[in-house]
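Q: no sequence on hand, only this structure:
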């Protein structure tokens, strides 16, 4: 793919993700206009709206996989990997703000997403084993809490860049939000 065509595709996909997150009924023509390309360009690449949605979901998952790989969850020190993971996923969530429920409907995407969640859960167990997270918490609690904090950091801290939002997330996960430290 030519560089300009690849750039146009990325622009269409990221614009589509943003507009569809704001209004799921956004038309392909509106996405093309907002992306600054002719709608025929989009229709040549995507025969139907569902094809565009599938491409957006695939691009989001590609970005998530890149962020998980870059975090080096199995190799880096736990605190470093946690921050890298949080920063990477916050950046992905901001760039690709798609509605995740729709992603879960596609079996291939659901399986791919499931494998990523497993990698993070293995990492969280490593964090427990190394004493960074408490072992006595109910099963799945750290994973569920991390997902919720990730959502909040991605969407409710707009004044902070991804690294700053990751700082808040990691500090909140590891130290809570109480004013005084507890032993």
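A: Perfect, I can see it now. Note that this is a predicted model, so its numbers are computed, not measured.
Q: list the buried residues for whichever strand or helix holds residue 144?
A: Element membership for residue 144 (DSSP states H and E) is helix 141-155. By neighbour count on 16 or more other CB atoms under 10 Å, the buried set for helix 141-155 is 142, 146, 149-150, 153-154. Glycine gets a C-beta too; all of them are placed from N, C-alpha and C.
Q: got it, and stretch 67-80?
A: Buried residues in stretch 67-80 (16+ other CB under 10 Å): 67-68, 71, 73, 76, 78.
Q: domain parsing for this structure?
A: 1-47, 49-175 (automatic domain parsing).
Q: got the contact list for the helix holding residue 144?
A: Helix 141-155 is contacted from outside by 86, 89-90, 93-94, 97, 117, 120-121, 124, 127-128, 133, 165-166, 168-169, 172-173, using CB atoms under 8 Å, 6 or more residues apart in numbering.
Q: just the residues you listed: which are in helices?
A: Using DSSP state H, 86, 89-90, 93-94, 117, 120-121, 124, 127-128, 165-166, 168-169, 172-173 are the members of the contacts of helix 141-155 that sit in helices.
Q: filter those residues to the buried ones?
A: Neighbour-count burial (16+ other CB under 10 Å) applied to the ones in helices among the contacts of helix 141-155 gives 86, 89-90, 93-94, 120, 124, 127-128, 165-166, 168-169, 173.
Q: how about those in a markdown table, adding pLDDT and distance to residue 36?
A: Below are those laid out as a markdown table (pLDDT from 0 to 100; distance: CB to CB, whole Å):
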| residue | pLDDT | distance to residue 36 |
| --- | --- | --- |
| 86 | 98 | 32 |
| 89 | 97 | 28 |
| 90 | 97 | 26 |
| 93 | 94 | 24 |
| 94 | 94 | 20 |
| 120 | 96 | 36 |
| 124 | 97 | 41 |
| 127 | 96 | 43 |
| 128 | 96 | 48 |
| 165 | 97 | 28 |
| 166 | 97 | 31 |
| 168 | 96 | 34 |
| 169 | 96 | 33 |
| 173 | 94 | 39 |
